[in-house]
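Asker: everything below, folded, please.
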Amino acid sequence: MNQPSYTHTVIPPLWPTAGNSKDGAAVRGSAMKFLGIARTMIRYWHMAHDPRTPKAVRYMIYGGIAYTLAPIDLLPDWIPGIGLLDDAAVLPSIIALSMIMIPQKVKDQHEAHEERGIAKKQAEGVQARVDDQIKEAQTTP
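Answerer: Prediction:
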């Protein structure tokens, strides 16, 4: 006997299909949220490896990332009210505490490094598009 699945009525899917949304806007929104979280985790991973970051903050960041990625929960998700609360509260709490405890010089340096990396990738993308257009113009008579 097939049991109906009630998963999507309680927890919305992370990657909705484009057919369920107009022009795939929900898919792009979910992808952008995921990329924002991944970018934040990578930024904190790099700050944790900076020797100027205090060891307590370093271990707090490692623990927060490990807890976020770990399949085991401290509080089971089936407990009403607080089951999903621990998942939703751990990473933002770690981010807030580490932002307070990481020295400002470290944060500024990593932010500037990230901005330079983004600008470099954008410039490479523009150059690649220009190169493609030049090649296309040369091949068409």
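
Asker: contacts, neighbours, all on C-alpha from now
Answerer: Fine.

Asker: could you list the low-pLDDT ranges of the protein?
Answerer: For the chain, the stretches with pLDDT under 70 are 1-25, 87, 141.

Asker: which helix runs longest in it?
Answerer: Longest helix of the chain, by residue count under DSSP state H: helix 104-139.

Asker: from the chain's centroid, how far away is that helix?
Answerer: Centroid displacement of helix 104-139 relative to its chain, using C-alpha atoms, centre = their mean, to the nearest Å, is 20 Å.

Asker: buried set for that helix?
Answerer: For helix 104-139, the neighbour count (16 or more other C-alpha atoms under 10 Å) marks Lys107, His110 as buried.

Asker: other SSEs contacting it?
Answerer: Using 3 or more C-alpha pairs under 8 Å, 6 or more residues apart in numbering; DSSP states H and E, the elements in contact with helix 104-139 are helix 25-49.

Asker: tell me what the helix it packs on is packed against?
Answerer: Judged by 3+ C-alpha pairs under 8 Å, 6+ apart, the packing partners of helix 25-49 are helix 55-69, helix 104-139.

Asker: not counting the first one itself, show me its contacts.
Answerer: Outside of helix 55-69, the residues within contact range by C-alpha atoms under 8 Å, 6 or more residues apart in numbering are 41, 44-45, 48-49, 73, 87, 90-91, 94-95, 98, 101-102.

Asker: orientation of the longest helix of the chain relative to helix 25-49 in degrees?
Answerer: 130 degrees (axes from the mean of the first three to the mean of the last three C-alpha atoms, to 10 degrees).
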